[in-house]
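[1] For reference, the sequence and a predicted model appear below.
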Number of protein chains: 6
Amino acid sequence: MSSLPIFTAAACHAAPVFLDKAATTDKAIALIEEAAAHGATLVVFPESFIPAFPIWAALWPPIDNHDLFEHMVEQSLYVDGPEVAALQQTAARLGVNVSIGISERSHASVGCIWNANLVIDDQGRLVNHHRKLVPTFYEKLIWAPGDGEGLKVNPLSIGRLGALICGENTNPLARYALMAQGEQVHISAWPALWPTRRPSAGGNFDNLAANRIRASAHSFEAKAFGIVCAGYMDAPMRDFLVERDPAIAAVVDDTSRAESFFVDPTGRQLGPALSREEGILYAELDLNRCIEPKQFHDVTGYYQRYDVFSLSVERRRQRPVAWVDGEEPLAQPRDILNS
Amino acid sequence: MSSLPIFTAAACHAAPVFLDKAATTDKAIALIEEAAAHGATLVVFPESFIPAFPIWAALWPPIDNHDLFEHMVEQSLYVDGPEVAALQQTAARLGVNVSIGISERSHASVGCIWNANLVIDDQGRLVNHHRKLVPTFYEKLIWAPGDGEGLKVNPLSIGRLGALICGENTNPLARYALMAQGEQVHISAWPALWPTRRPSAGGNFDNLAANRIRASAHSFEAKAFGIVCAGYMDAPMRDFLVERDPAIAAVVDDTSRAESFFVDPTGRQLGPALSREEGILYAELDLNRCIEPKQFHDVTGYYQRYDVFSLSVERRRQRPVAWVDGEEPLAQPRDILNS
Amino acid sequence: MSSLPIFTAAACHAAPVFLDKAATTDKAIALIEEAAAHGATLVVFPESFIPAFPIWAALWPPIDNHDLFEHMVEQSLYVDGPEVAALQQTAARLGVNVSIGISERSHASVGCIWNANLVIDDQGRLVNHHRKLVPTFYEKLIWAPGDGEGLKVNPLSIGRLGALICGENTNPLARYALMAQGEQVHISAWPALWPTRRPSAGGNFDNLAANRIRASAHSFEAKAFGIVCAGYMDAPMRDFLVERDPAIAAVVDDTSRAESFFVDPTGRQLGPALSREEGILYAELDLNRCIEPKQFHDVTGYYQRYDVFSLSVERRRQRPVAWVDGEEPLAQPRDILNS
Amino acid sequence: MSSLPIFTAAACHAAPVFLDKAATTDKAIALIEEAAAHGATLVVFPESFIPAFPIWAALWPPIDNHDLFEHMVEQSLYVDGPEVAALQQTAARLGVNVSIGISERSHASVGCIWNANLVIDDQGRLVNHHRKLVPTFYEKLIWAPGDGEGLKVNPLSIGRLGALICGENTNPLARYALMAQGEQVHISAWPALWPTRRPSAGGNFDNLAANRIRASAHSFEAKAFGIVCAGYMDAPMRDFLVERDPAIAAVVDDTSRAESFFVDPTGRQLGPALSREEGILYAELDLNRCIEPKQFHDVTGYYQRYDVFSLSVERRRQRPVAWVDGEEPLAQPRDILNS
Amino acid sequence: MSSLPIFTAAACHAAPVFLDKAATTDKAIALIEEAAAHGATLVVFPESFIPAFPIWAALWPPIDNHDLFEHMVEQSLYVDGPEVAALQQTAARLGVNVSIGISERSHASVGCIWNANLVIDDQGRLVNHHRKLVPTFYEKLIWAPGDGEGLKVNPLSIGRLGALICGENTNPLARYALMAQGEQVHISAWPALWPTRRPSAGGNFDNLAANRIRASAHSFEAKAFGIVCAGYMDAPMRDFLVERDPAIAAVVDDTSRAESFFVDPTGRQLGPALSREEGILYAELDLNRCIEPKQFHDVTGYYQRYDVFSLSVERRRQRPVAWVDGEEPLAQPRDILNS
Amino acid sequence: MSSLPIFTAAACHAAPVFLDKAATTDKAIALIEEAAAHGATLVVFPESFIPAFPIWAALWPPIDNHDLFEHMVEQSLYVDGPEVAALQQTAARLGVNVSIGISERSHASVGCIWNANLVIDDQGRLVNHHRKLVPTFYEKLIWAPGDGEGLKVNPLSIGRLGALICGENTNPLARYALMAQGEQVHISAWPALWPTRRPSAGGNFDNLAANRIRASAHSFEAKAFGIVCAGYMDAPMRDFLVERDPAIAAVVDDTSRAESFFVDPTGRQLGPALSREEGILYAELDLNRCIEPKQFHDVTGYYQRYDVFSLSVERRRQRPVAWVDGEEPLAQPRDILNS
């Protein structure tokens, strides 16, 4: 009786080939192929999957990590570069939609990188390019703050898709900005682990529980399905860290690993979760289930008070200068979007 | 001697094909064709004609009607969808003006619908799109509140036309907002029946009389013609309700049926009324008769005191977010207006 | 179970002692005494009861009526004069609330009179003093326009009382301004007859029907009781007019006489009406009956859209000059209110 | 080392004396006394504690509940009435802060009531008066929508206190508006049960889980303590409902009962919960624990992007008319606030 | 012959009482008194003088510093608190202008602090309150980004004074924003040391040279005097760090110490510098020397091309919410400014 | 490990054949050949190298220099003339990039010349054509002000190259406009000497020091390499001046000679400088060294505040007339760019 899409989603709970953009791109393509073979029409990757999540910023003093920063810059992607193009071709070839986290390199500054999330549709078009609004805590040592341009919900063949990166899911205004566009499927992308106070010092909050709270709350408020896609730390990545500093093994090993899982529009987990093993998690999402819960609190419909709350969102990309000639002095990632 | 339009108006006192948007659209087109063949240049339909008025909200507890809500959402129309486009083409083809009530679906929320009234001019343009300001009593279980954007009087070939939906005709500020735009013909759209206290418990007010009071009062105050167009409950609709709950037959059968009729600028009924039979009611409206009564109390002219009363009407459409980029993230019904 | 007042209201369907302020004041006091003896705690008089309604303005050319205007001025009342004081003492003595129409004389100009309505509470206080906003049609030959100061609903022992004069009941903004103060009992004061187009020429609207429409509409919109109190034309008044111009008898005799009656909060007439005989009409008003209809359309509660409609009402008395030193150059009726 | 307050909070998981405002006020005072004797300096009551939560709106058709609406209106409180004054005196006498849900009656309309929450400080001042922005689903049959005036965080002796009513905790904009004022303790007030789809028909969402999701999410996002205070349904209330309609027993008995409990700034439950027994729940709240989690995502500090998101909140009370004279035509609850 | 001020400036090359806001405020007052006794009418303090510069963020992993963050928050100042008031009273008492760096605490969030610089005039008024635009590198783990409100040049008795904090002196737009207000004396405030890559690993840039480059460049471009005021690390501060982690001694001891000195309008150093000893440095500044160099390149005069470059600076304070009622929900530092 | 270019740059610290455009062009070609033979892929020339820097404007009264102005105009180049074409052919032949200062002649006015700087890429394309924004001080007697068209950073084989002429390096907005395009190599072009106040009168600022300050500041702010290329005054040029006026020898001989040198991205000089001898200076520039310093203050990345500073740059060439028909009235240098 109902007409909204029903489809299979895949969450890749996977590790990058640590700090190797080319190899990780190959791995991403292989995972998309595997998921497509299982019938998935939406394939989701974790935060900063290519080339890696810079966990070292948490582990050692800022003054000791300069070499890793340079390495990270080198392995970050230009949005108009060959790696993203390869992903676009894969999506088009297989007819699947892809959401992937990357570390993005800037044409405007050799030392400026962003924590970005890309959405590619099933015809290979790069339809959304979001730069994380504010890097969280020690991520600020690595990434520049993004802007509002990517705060978009895209109407895809699998429904209206939105995505936020990691701690952005804590921000009620960012979350509402997506709800307000009729979001039906929400991706939250996370790293494999997120050390805070050393476990030996008591830790300070349970990141696993926190991810669940945020995912459930967003799905409940938005009446949307949630796809929680976290990274996985494999042995080479762990070894890289412990070889640099054996004393850090205790932190790395005792910090809880993030889970990937699905959430239904009432905030309840849908199917199993993946945490300490790498793999692809699948779920069938029936968007028609989003309708009934809207009767109770439709915060972008009858349950909002537009006369009380006026939210304006600046969604223009921030650029260092506005050129009056209209010429862009640099090759712009934007062109990719429109080609 | 006078130059204001004289034309034939048609009020379709008709039933939808209950909860079937496609079939009801076809029926509406057939009725427009019939009315046009009788010389009508304005064809009026009742409240929420497509796909139906959700009378069930009055009859059973809210916790038992969730399936009907989902069904109603599915059968509601996008203003930029094919059903409205078909109505626009019909109006253009026949050169008639059309006013029709629909249940409108939102792009911004899968569970948000509005009680809307559309006015299409004789060139097929969607010139007014009003969302009922406040759903009345149990209608609040179904529809979201609208906004002021549709509080417009449109200058058409048949004169200055305004329309309010059902209980809005009780609101002196909404009514004055139309008068203040020089309204000459006022449409009030109503459902077929509006149960309140069970007739077996004494009822609580005579909705038939109430509709007459409101229509006459508005025409008298505005010095405008009134077109009262109510819905009709046919056998399939009644059967649907009684089959779901036989005990409700007493309510449905004993509640008075609304009438459709015309009113002249002094508040007097013009011609006969239709109530318990389906059909199209016609009247010739001579707008020149609106002039003389203005001598006595022209509440938007000499008889108003603008130094005492200052009314401001917010007529901007409410949207969940104001995007600074100026791009609308959703296909907007507004585009229809400009195409 | 309910706590709102239940009381007896009296509508004096009566004639003045034509153009004699002293005698008419005596008659008013006698009518208050009679009504109080019948248990009434609210006694209502028609428009411009003291000293008369200047119907001549409708009947003869303006250039022939100067003597009548001078006479009218002479017989008009100062609000701080002895006639009003006598009415206040009567109300206090009997413990009844009184609403009465008078022609009011100005201290600021010997030729300025207003069509005023006074409300005196059951302790003899003059609690409202309203000057008709706009005299209707030929009344403009007699009275000056008033202002917004008297647009007040007064919380009395018998409930929240509001009053409008004659054609003001056609003005949706004036009516809403009273509703918005929680009005529970609404007085509309009318003259005994209101000639328009000569009956021999077809007339132009049925004033009787028009009064009913307005009373019902206001009660229905406000969910308030209505007291429609019209004047009565007695033989001396008719004789005065016909003696001055026998040809006018046809107009005077063939014009319908206004009715006095009561209306319940659903707009239905409550009890009988009085028209062609002088007398006092009584009704028991149970204000608790105002609550239930508010569930359907409470236009000063949930059914209004304050975000769409913003009405501001200027309620300061208009005075010829604003004195910067704060001294009042004339004895002000306002002082009465505060004394 | 740290200077923020540490205090004992009490959540009254209690039932009103059903639909009896005087007796329920007495009971509230007794509960405040008991909590104060246990050292509490903040005492919290559920949604619409005085005189009751109108659960009947969910259970029977709207057309059968008119008598209960009238009864509810009669037992609702004026904010400037004796019941609230008694609560204020109690708070001042015992030196405790009180938050309480009431059904509020309007001076401006005999049929307009609001779902309000009051905060009284430990000197007896009414410091916050919030009217629920949008009644949820079937509550719309009872209460009018409120406005933004009460969206305030009050700096009290026990810290910066905010409160939202029931489904408002689903609204990210309302929640952010409180966070943005430095909220340290957040009250969410709930009814004892909230039937949706009949349990026999499968229900549609787990309200218990939903309350937990919302409470945890708000505390996590705001880095504030949460006090979840739900109502309790006692035997007299249940008997009242089942006596009116024995068939409803299945719904009433099988719907889960809401829990009262506390949440810490990381979203974790603090101490036990109360559900199917009446009582007062206590917890010691150490506000210094709110600081550290702000390092990770301070959504009203470094983690917000004020250049991307601009939220404006209209916090003026909505009134039917703006009077230019500055006089308030009605006794205003506001006066209480300032006295 | 020239009329611009000639005055004595004092740069306090001093250490705070580490992480003790009360004792450091006392020390600041003593230094102001000493400088005033030497004839100074402008007394300048380093970056974040009260309560300290959080150098630990550079030295240890982020996950190990949570306790220090809490301590820093506790010892940060409210701008409307007693410590700033004491400084204002001192400035007024002695008739000197004061510029001082503080760590500022927020009323809107218990975990939000800013790196602020205050300017107090010689009548004790707080005339400028700047929050550092972007914390530099590891400072981002401590402080929130500020905004443009404090980008002001204040016309004081000693000339037009501007100030930027630390790395802001690298930003050509921030610098130009001050030049554009006619800046004559420019303060750059710095910490005592700013470790980057460990000296044992070769370091990565010479902060001492970098400070000189920036100071000279700004004075040369602005044709203004420069006051470079850096912090001093005393033994207790060093001991605190080394006691927490003896291994850090090498970093702390081998990192160059910042210098305090003065610069003339051609970019040349004026008088001696202070580096590894605590003390107050004095210079006489003759603002008339700023005029001649403007002949060569007056970048805010003839040498700018306003038709080519249009710079707009948003100087409104960022707040979490714009309240339409105009009431500020929190005690606002702004009030201080106006009192 | 890193991918940015590493290349050899050449700065020609050379004198023109004074006021002889043909001979100076030949000399420039010879210098390019020599530098290319030494492996340079970027060859840089001083300000107004062809045909000379008009130092006479500083030395004698304006009324005495008319003949020299005429001579200068005659020896200035059309950008589409044979001299520039010869330079383009040389660059293409040798595969080197060239930056050169010229005095440019206008097609639109026989007396209008500009101080221009051209960039030719290693395929011989004229990729940038900048006209100095504002001639400095006495240069205003010779050259017209330019415009923003040449404020471009060009992505060349040797990295992203920008250039400013002389005093433009004092302008923070012009400098930022280049940084904002990802500038990695910055050329500042200078004359051989720049007399101000006579040395015998004390001089007024040290131009040598000033050039160093500016070069270091720009490299430090931009995190870019700097190429400071100044002119050389040879004997024929000195003789020409002293022969015209022997008294000027003191000025010419005692004014310091400008230096040519390189600067690294931290602002430090890289290798030796050339001043009082003519020659070509070489340096190997490794652009990968630009990355790490960006971590500290990336003023076109994370360290800028785009919400606070909005800079717009008008980069359209200024022309005497805008022709509405789109025809260009003159051969335009721009055509060269596209040919």
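    Perfect, thanks for sending it.
[2] ok and the residue in chain A nearest chain C?
    Residue nearest to chain C within chain A (Cβ to the nearest Cβ): A:Asp307, separated by 3.0 Å. Heads up, the C-betas are built off the backbone N, CA and C, glycines and all.
[3] For that residue, give me its contacts.
    Contacts for A:Asp307 (Cβ atoms under 8 Å, 6 or more residues apart in numbering or on different chains) come out as B:Gln318, C:Tyr306, C:Asp307, D:Glu314.
[4] Next, it: phi, psi?
    Backbone torsions for A:Asp307, taken as degrees, to the nearest 10, come to phi -80, psi -20.
[5] Ok, A:Ala10 next?
    phi -120, psi 130.
[6] Also A:Ile248?
    With angles defined as degrees, to the nearest 10, A:Ile248 sits at phi -80, psi -10.
[7] and what of A:Val119?
    According to degrees, to the nearest 10, A:Val119 has phi -120, psi 130.
[8] Now do the same for A:Phe69: helix, strand or coil?
    Under DSSP: H, G, I helix; E, B strand; the rest coil, the three-state class of A:Phe69 is helix.
[9] how deep is it tucked in, by neighbour count?
    By other Cβ atoms under 10 Å in any protein chain shown, 21 other residues sit near A:Phe69.
[10] How about it, nearest residue that isn't a chain neighbour?
    Nearest non-adjacent residue to A:Phe69, counting by Cβ to Cβ, 6 or more residues apart in numbering or on different chains: F:Gln295, 5.9 Å away.
[11] how close does the one you found get to A:Ser109?
    11 Å (Cβ to Cβ, to the nearest Å).
[12] Can you pull the residues of the stretch 151-300 of chain A lying near chain B?
    A:152-153, A:155, A:176-177, A:179-182, A:184, A:223, A:287-288, A:290-295, A:298, A:300 (Cβ under 8 Å from any Cβ of the partner chain).
[13] before we move on, back to that, what residues are up against the residue nearest to A:Phe69?
    F:Gln295 makes contacts with A:His66, A:Phe69, A:Gly111, A:Leu141, E:Phe137, as judged by Cβ under 8 Å, 6+ apart.
[14] do A:Asp286 as well
    Applying Cβ under 8 Å, 6+ apart, we find A:Asp286 in contact with A:Leu4, A:Ile6.
[15] May I have the beta-bridge partners of it?
    Beta-bridge partners recorded for A:Asp286 (DSSP bridges): A:Ile6.
[16] thinking again about what came up before, please flag which of the residues of the stretch 151-300 of chain A next to chain B sit within helices.
    Members of these lying in helices (criterion: DSSP state H): A:Tyr176, A:Ala177, A:Met179.
[17] Keep these, but drop any that are not near chain C.
    Applying Cβ under 8 Å from any Cβ to those, none is adjacent to chain C.
[18] With pLDDT and distance to chain D added, can I get those residues in a markdown table?
    Converted to a markdown table, those look like this (pLDDT from 0 to 100; distance: Cβ to the nearest Cβ, whole Å):
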| residue | pLDDT | distance to chain D |
| --- | --- | --- |
| A:Tyr176 | 96 | 4 |
| A:Ala177 | 95 | 7 |
| A:Met179 | 95 | 7 |
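[19] which one among the residues you listed gets closest to C:Ala163?
    Distance to C:Ala163, by Cβ to Cβ, is smallest for A:Tyr176 among those, at 48.5 Å.
[20] roughly how far apart are the closest one and B:Ala322?
    Distance from A:Tyr176 to B:Ala322, counting by Cβ to Cβ: 13 Å.
[21] So for those two, which residue has more residues nearby?
    A:Tyr176 (28 against 14).
[22] Just the pLDDT for the residue nearest to the more buried one when sequence neighbours are not counted.
    Excluding the flanking residues, the one nearest A:Tyr176 by Cβ to Cβ, 6+ apart is D:Pro172, at 4.4 Å. We have a pLDDT of 96 for D:Pro172.
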